[in-house]
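K.L.:
with the sequence up front, the predicted model follows.
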Amino acid sequence: MEPGAIVKKMYDNDAFSQWLGIEVLDVQAGYCKLRMVVKKQMLNGFSLAHGGITYSLADSALAFASNSRGRQAVSVETSINHLEKLKAGDELLAETIELSVKNNIGFYRTEIKSDDKLVAIFNGTVFRTNKTW
């Protein structure tokens with residue numbers, strides 16, 4: 001199954017990514033680019049985007065990129081660095097690249113930008129199962 005078809009199948013069954021309003025812009029083997037807009041309901045008590053919003057966007061990008069090679073993959077370790085504040089209406093672009101892929105493990109980095117400014121960096125390690133798409 002080609003990368004775009006895999007991600008479409010995943011997205012069609014991913015109620016959370018749909019609820020966030022994530023849009024898939026580009027998918028290739030080991031790569032994914034997503035877009036979303038911060039909504040008022042995503043703000044915390046400081047009227048800033050909750051940290052879980054960028055984390056969730058990056059986690060979806062990781063899932064799509066790491067599964068795009070045709071083997072089902074699940075995250076085993078992730079981390080994020082929040083670099084900038086975000087507010088309602090900010091458009092976010094998440095771009096995930098594959099740093100290294102081995103038989104059972106893959107390493108990925110996601111950069112999240114708003115107005116071409118880097119706002120978060122997310123790193124993820126996935127376990128690549130033997131199940132195929």
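P.N.:
Perfect, I can see it now. Computed from a predicted structure; not experimentally measured.

K.L.:
now do residue 94, the pLDDT please.
P.N.:
Note on residue 94: pLDDT of 98.

K.L.:
just residue 58 next, same as before
P.N.:
As predicted, residue 58 sits at a pLDDT of 98.

K.L.:
and if you look at residue 40?
P.N.:
97.

K.L.:
repeat for residue 102
P.N.:
On the pLDDT scale, residue 102 is placed at 97.

K.L.:
same deal with residue 119?
P.N.:
In this prediction, residue 119 has a pLDDT value of 98.

K.L.:
that one: what's its closest spatial neighbour, skipping adjacent residues?
P.N.:
With C-beta to C-beta, 6 or more residues apart in numbering as the measure, residue 84 is the residue that lies nearest to residue 119, at 4.1 Å, once sequence neighbours are left out. (C-beta placed from N, C-alpha, C; glycine too.)

K.L.:
wait, doesn't the one you found sit right on residue 116?
P.N.:
No: Residue 84 sits out of contact with residue 116 when judged by C-beta atoms under 8 Å, with a separation of 11.8 Å.

K.L.:
who has more neighbours out of these two?
P.N.:
Between residue 84 and residue 116, counted using other C-beta atoms under 10 Å, the more crowded position is residue 84 (16 against 6).
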